[in-house]
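Participant: Fold the stuff below for me.
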Amino acid sequence: MENIKFIDGGVCAATGFTASGYHCGIKAGREKNDTALIYSEKLCNAAGVFTSNRVKAESVKYTQKVIAKGKAQAAIVNVGYANACTGEEGAKVAKTMADVTAKTMGINADQVIVCSTGIIGQQVPVEKIVSNIENIKAGLSKEGHKEARIGIMTTDTMYKECAVQFEIGGKTVTMGTMCKGSGMIHINMGTMLGFITTDCAISSKMLDKALHESILGTYNCVSVDGDTSTNDTLTILANGLAGNKEIKSTGKDYDTFLEALNAMNKIMAMKIAADGEGASRLVECTVKGAKNVAIARGLAKEIIRSNLVKAAMFGKDANCGRILCAMGYSGFEFNPDKTCVYFSSKPDGKRYFEVTENGNDTVYSDDSIEVVHNGVGLSFDEDKAEKILSSEAIEIFVNLEDGKAEGQAWGCDLTYDYVKINGDYRS
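Facilitator: Numbering: from 1, shown residues only. Sure thing, here's the model as predicted:
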C-alpha cells in the first residue's frame, strides 16, 4: 500500500463523477435522504457482482442486464423498499426508475444502474422518485457524495465511503466508493449495496476480472447475521478520464489497479462488519497456516458467522470451545490437534477500520492471550481475557500449522439490539 494514498471525496473523488442525495418521502417516518444518484460526464466501462440468493430483487435483474453490456453512465438508488418479491409491477418500477433517470440526464435507459433496498415484498412508490427527479439532478456536484452516502443508508448508523489515488503509467488515477450494509449481511456475491467509481482507463473485461478477484478476500469475507440479501449489488464504473493507457490485459498496470481496489474494498468490508445491526464491536478472524486460501477464508468466515461465537464476543466471554466447534462443522479441512487460538485487541480502543482508512498498518499490542494450544483448551487469566474482549475491535487468531496460506473474515458481536431492530423492522 506504499503507493496508495487515501483521500476524501467518496464516489465523487474521481475525475468526471458527481453525485446527489435527496429526500423523496418514499417511506413514511424517514426524514433523511432516501434516494441517491451517481453520474459520470462520460459513458463508462462497467462491471458488477450480484447476490447469489435465488430470490433476486427486480432492480438486481434490471442491473444485471445493464452490466452484461459492459457500459453504464449513471446509478439511481432508493431506500425504504427493496423491490424484491414484487413481480411484474416491480419490474415496471425498476424500468421506470431507469427511464426517468435516462430522460433527465440525456442518456440511454440501458446505461442506468438501478438499485433498491429496504422492506421485501412491498412495492416502491416510484411516483415519488419520478416527481422529484429534477431535484435529484439539481443536487449533482463534486460535494454530492455527502448527500448520496446518506441517501443509501437504511439501518446503518454511519455512512461508509472511501477513496484512493495511485499511479498507473505515470498518470494519477483516482478511485472512490460508497456502500450501505448493516443487517441481512452474509455476502456471497457472485442488504449490501456498493458503488465504485474510477477515472482509470480499463476495459469492461478487466474491470469484471478485477472485481471478481477482489471480492473473494474482501466483501465475500463479511458476515453480520448469516442472511444473504436478495439485493446484494456491487458495481464499478470507469470513465477513463485519468488518461492512462487502457488496461486490456493482466500485467503491471492491472496488478496496481487490483491492489488499490483490494485496499479500498477491504476497508469497506470492515466498515460494514463494524456497523452490523446492534453491534458493539468489530470481530476480525485471521486464520494462518492453512493448506490453501479457500480453507483459511472459509474457516475464518465460519467462525465469525457463528451465533454462539458472536454472543460470546458480546458477553466478553473467551469461550474457545465455540470457535473449535464452528471450525469443526464448517466442512473445511484442518487438523484440530495442531490448532492454536488467540484473542487480541486494538490497543487504542478505536475501531479498526478508522485506523486503516488513514493508511496506517494495523498493529496489535502484546496484550493478547492464547486460549487453545494444539487443540486443547488452556487455563488462562479470565480478567485479562475480558479486558481484551472489551475492545471495540477484537481479533480471533487461529494458527493451523497445516500449510502456508492465510485468510481473514470480518463480523461483529450479536447483541440484544439486533433482535430489537429486526423484530420491528417494518414499523
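
Participant: hey, let's count contacts and neighbours off CA atoms from now on
Facilitator: Will do.

Participant: Per-residue pLDDT of the closest residue to residue 345 other than its chain neighbours, please?
Facilitator: The spatial neighbour of residue 345 that comes closest, neighbours along the chain excluded (CA to CA, 6 or more residues apart in numbering), is residue 394 at 4.6 Å. Looking at residue 394, its pLDDT is 86.

Participant: List the contacts of residue 394.
Facilitator: 281, 282, 283, 284, 343, 344, 345, 346, 388 (CA atoms under 8 Å, 6 or more residues apart in numbering).

Participant: Which strands border the strand or helix carrying the third one, and is each parallel or antiparallel?
Facilitator: Think residue 283. Applying DSSP states H and E as the criterion places residue 283 in strand 282-290. Its sheet considered, strand 282-290 pairs with strand 393-399 (parallel), strand 405-412 (antiparallel) by DSSP bridges.

Participant: Now the element after that strand, going C-ward?
Facilitator: helix 293-305.

Participant: Residue 297 touches residue 405, doesn't it?
Facilitator: No: counting by CA atoms under 8 Å, residue 297 stays clear of residue 405, with 9.4 Å between them.

Participant: When these two are compared, which one has more neighbours?
Facilitator: residue 297 (26 against 18; other CA atoms under 10 Å).

Participant: Identify the residue spatially nearest to that one, adjacent ones excluded.
Facilitator: residue 407 (4.4 Å).

Participant: contacting residues around that neighbour?
Facilitator: 217, 286, 287, 288, 293, 294, 295, 296, 297, 300.

Participant: which residue packs closest to the residue nearest the centre of the chain, ignoring adjacent ones?
Facilitator: Centroid-nearest residue in the chain: residue 269, 4.4 Å away (criterion: CA atoms, centre = their mean). With CA to CA, 6+ apart as the criterion, residue 269 has its nearest non-adjacent residue at 5.1 Å, and that residue is residue 219.

Participant: what's the spacing between residue 376 and residue 410?
Facilitator: Residue 376 is 25 Å from residue 410, where distance means CA to CA, to the nearest Å.

Participant: quick one: which of those two has more around it?
Facilitator: Neighbours around residue 376 and residue 410, counted as other CA under 10 Å, are more numerous at residue 410. The numbers are 29 against 17.

Participant: right, and that one touches residue 220 too?
Facilitator: No: applying CA under 8 Å, one finds residue 410 not in contact with residue 220, separated by 9.5 Å.

Participant: and the spatially closest residue to residue 386 that is not a sequence neighbour, what is it in contact with?
Facilitator: Nearest residue to residue 386, sequence neighbours excluded (CA to CA, 6+ apart): residue 316, at 5.3 Å. By CA under 8 Å, 6+ apart, the contact list for residue 316 reads 385, 386, 389, 390.

Participant: Need phi/psi at the residue nearest to the third one when sequence neighbours are not counted.
Facilitator: So that's residue 389. With CA to CA, 6+ apart as the criterion, residue 389 has its nearest non-adjacent residue at 5.0 Å, and that residue is residue 316. Here is the backbone geometry of residue 316 (degrees, to the nearest 10): phi 60, psi 40.

Participant: again, but for residue 255
Facilitator: phi -60, psi -40.

Participant: how many other residues sit next to it?
Facilitator: With other CA under 10 Å as criterion, residue 255 counts 13.

Participant: same thing with the one 3 residues further on?
Facilitator: Neighbours of residue 258 under the rule other CA under 10 Å: 19.

Participant: can you check the one 4 residues further on too?
Facilitator: Summarising burial for residue 262: neighbours were counted as other CA under 10 Å, giving 22.

Participant: May I see the buried residues of the helix or strand it falls within?
Facilitator: Using DSSP H and E, residue 262 falls within helix 252-274. Neighbour-count burial for helix 252-274 flags 253-254, 256-274 (criterion: 16 or more other CA atoms under 10 Å).

Participant: now swap in stretch 146-157 and tell me
Facilitator: 146, 147, 148, 149, 150, 151, 152, 153, 154, 155, 156.

Participant: per-residue confidence averaged over stretch 181-200?
Facilitator: 70.

Participant: Quote the end-to-end distance of it.
Facilitator: Terminal-residue distance, stretch 181-200 (CA to CA): 26 Å.

Participant: ok, of the buried residues of stretch 146-157, which one's closest to residue 116?
Facilitator: residue 152 (8.7 Å; CA to CA).

Participant: Got phi/psi on that closest one?
Facilitator: Dihedral angles of residue 152 (phi, psi; degrees, to the nearest 10) stand at phi -110, psi 0.

Participant: if I read this right, residue 313 contacts residue 415, doesn't it?
Facilitator: No: assessed by CA under 8 Å, residue 313 is found out of contact with residue 415, at 9.3 Å.

Participant: With neighbour numbers in mind, choose between these two.
Facilitator: A count of neighbours by other CA under 10 Å puts residue 313 above the other of residue 313 and residue 415, at 25 against 20.

Participant: List the residues that contact that one.
Facilitator: Taking CA under 8 Å, 6+ apart, we find residue 313 in contact with 283, 389, 413, 414.

Participant: okay, now the last one: neighbour count?
Facilitator: So the one you mean is residue 414. 27.

Participant: That one: what secondary structure?
Facilitator: Here residue 414 takes the coil state, with states given by DSSP: H, G, I helix; E, B strand; the rest coil.

Participant: Stretch 308-320: end-to-end distance?
Facilitator: OK, stretch 308-320 end separation, CA to CA: 11 Å.

Participant: try stretch 385-392
Facilitator: Stretch 385-392 end-to-end distance (CA to CA) = 14 Å.
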